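Chemist: please work out how this folds:
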Amino acid sequence: MNIEIANRLVNLRKSNNLSQEALAEKLGISRQAVSKWERAEASPDTDNLILLARLYGVSLDDLLRTEDEIPMPEEEENEVVDTEAKEEASDKNFEEENDHKKEYVHVGLDGIHVKDEDSEVHVDWKGIHVVDTKNATDGPQEVHIDKNGVFVDGEKKDGHIFASHVKAEFPFAVIAFIAYIVLGVLYGTWGIGLVLFLAIPVVESFFKMIRKRKVSEFNYAVLTVIIFLLLGYYKGLWHPGWVVFLSIPVYYSLVDYFSALWASRKSKR
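Modeler: Purely as a prediction, here's the structure:
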């Protein structure tokens with residue numbers, strides 16, 4: 001993309017008090033795509049150019065005007081027309097093809113659902129579910145973590161996954177809510193900002209662990225969800241970031257082992 005147009009996109013976004021995240025959410029694209037436009041590393045497609053012009057209240061001519069001459073041979077003009085026709089036909093089938101896309105990320109009240117060609121991860125309030133098809137010779141490998149325990153390919157591995165639910169105490173819950181509203185208004189982080197609410201049971205369980213001097217009180221399972229979301233959102237590591245969930249049974253197994261070892265030593269004194 002022409003650097004002059006890229007700079008214009010930056011100025012228009014800022015003059016409309018939008019962050020890259022907020023603009024990306026309005027356009028239904030990733031923040032990284034907006035960043036590439038503004039660094040002149042990529043160009044918006046036709047639909048996004050139209051949406052940008054409508055959003056900023058400017059014409060396409062004003063949006064794309066440049067002082068640089070862009071010569072175009074006659075042969076290339078025909079290629080551009082053919083390309084635009086193909087793009088329009090492709091856009092009409094976008095919703096139908098969306099169900100079959102190799103990469104898909106959805107964050108909503110029903111949970112987080114991430115899918116690519118090698119794996120599928122679903123996280124909600126009931127548990128964590130992972131299906132991995134990469135290098136699977138005997139069918140997909142499945143990991144399910146919920147209140148009943150950890151199940152790997154249908155085999156139960158551990159029964160102590162989630163710490164008991166603890167209601168958040170004042171003032172952290174209030175602080176988290178205020179921070180969510182402030183960050184959402186200022187930076188448009190309404191989606192990823194939900195991790196603040198996930199942090200409430202983590203922080204509460206941490207202080208409970210300190211008070212009771214029991215490591216088992218710490219809500220490590222929810223912490224892994226936060227780590228997974230941050231890795232995926234900021235680094236794009238939805239896969240293989242889901243591997244962090246496999247550390248949950250390891251953590252609680254080690255906690256149970258050392259707790260029993262400590263209790264055994266204490267009883268012998």
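Chemist: which stretches in the stretch 151-269 of the chain count as strands?
Modeler: Here the stretch 151-269 of the chain has its strands, by DSSP state E, counting those that start in this stretch, at 155-158.
Chemist: domains of this structure?
Modeler: Taking automatic domain parsing as the domain assignment, the ranges for the chain are 3-97, 101-269.
Chemist: out of those domains, indicate the one that is most buried.
Modeler: Of all those, domain 101-269 carries the top mean neighbour count, a mean of 15, counting by mean count of other Cβ atoms under 10 Å. Quick note: C-beta positions are derived from backbone N, CA and C, even for glycine.
Chemist: average pLDDT for it?
Modeler: The pLDDT scores in domain 101-269 average 76.
Chemist: backbone dihedrals for Asp39, please?
Modeler: That one is not Asp; residue 39 is Arg. For Arg39, the backbone dihedrals (degrees, to the nearest 10) come out as phi -100, psi 10.
Chemist: against Gln20, how distant is it?
Modeler: Note on Arg39: its distance to Gln20, by Cβ to Cβ, to the nearest Å, is 11 Å.
Chemist: Glu120: what secondary structure?
Modeler: What DSSP: H, G, I helix; E, B strand; the rest coil gives for Glu120 is strand.
Chemist: pretty sure it contacts Val130?
Modeler: Yes: with contacts defined as Cβ atoms under 8 Å, Glu120 counts as touching Val130 at a distance of 7.4 Å.
Chemist: quick one: Leu49 from Glu217, how far?
Modeler: Per Cβ to Cβ, Leu49 is found 53 Å from Glu217.
Chemist: now do Pro249
Modeler: Pro249 is 17 Å from Glu217, by Cβ to Cβ.
Chemist: kindly report the same for Leu196.
Modeler: Leu196 is 21 Å from Glu217, by Cβ to Cβ.
Chemist: same question for Val243.
Modeler: 25 Å.
Chemist: cool, Leu27 as well?
Modeler: For Leu27 relative to Glu217 (Cβ to Cβ), the value is 43 Å.
Chemist: cool, and Ala6?
Modeler: Distance from Ala6 to Glu217, by Cβ to Cβ: 51 Å.
Chemist: how about Ser267?
Modeler: Distance from Ser267 to Glu217, by Cβ to Cβ: 21 Å.
Chemist: got the CA positions of stretch 196-209 in CSV?
Modeler: What follows is stretch 196-209, C-alpha atoms only, in CSV (Å, rounded to 0.1, in the frame of the first residue of the first chain):
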residue,chain,number,x,y,z
LEU,A,196,-10.4,-9.4,34.0
PHE,A,197,-13.4,-11.3,35.2
LEU,A,198,-11.6,-14.6,34.9
ALA,A,199,-8.9,-13.1,37.1
ILE,A,200,-11.3,-12.6,40.0
PRO,A,201,-11.4,-16.3,41.1
VAL,A,202,-7.7,-16.5,40.4
VAL,A,203,-6.8,-13.6,42.7
GLU,A,204,-9.3,-14.7,45.3
SER,A,205,-8.0,-18.2,45.4
PHE,A,206,-4.4,-16.9,45.7
PHE,A,207,-5.2,-15.0,48.9
LYS,A,208,-7.2,-18.0,50.1
MET,A,209,-4.1,-20.1,49.5
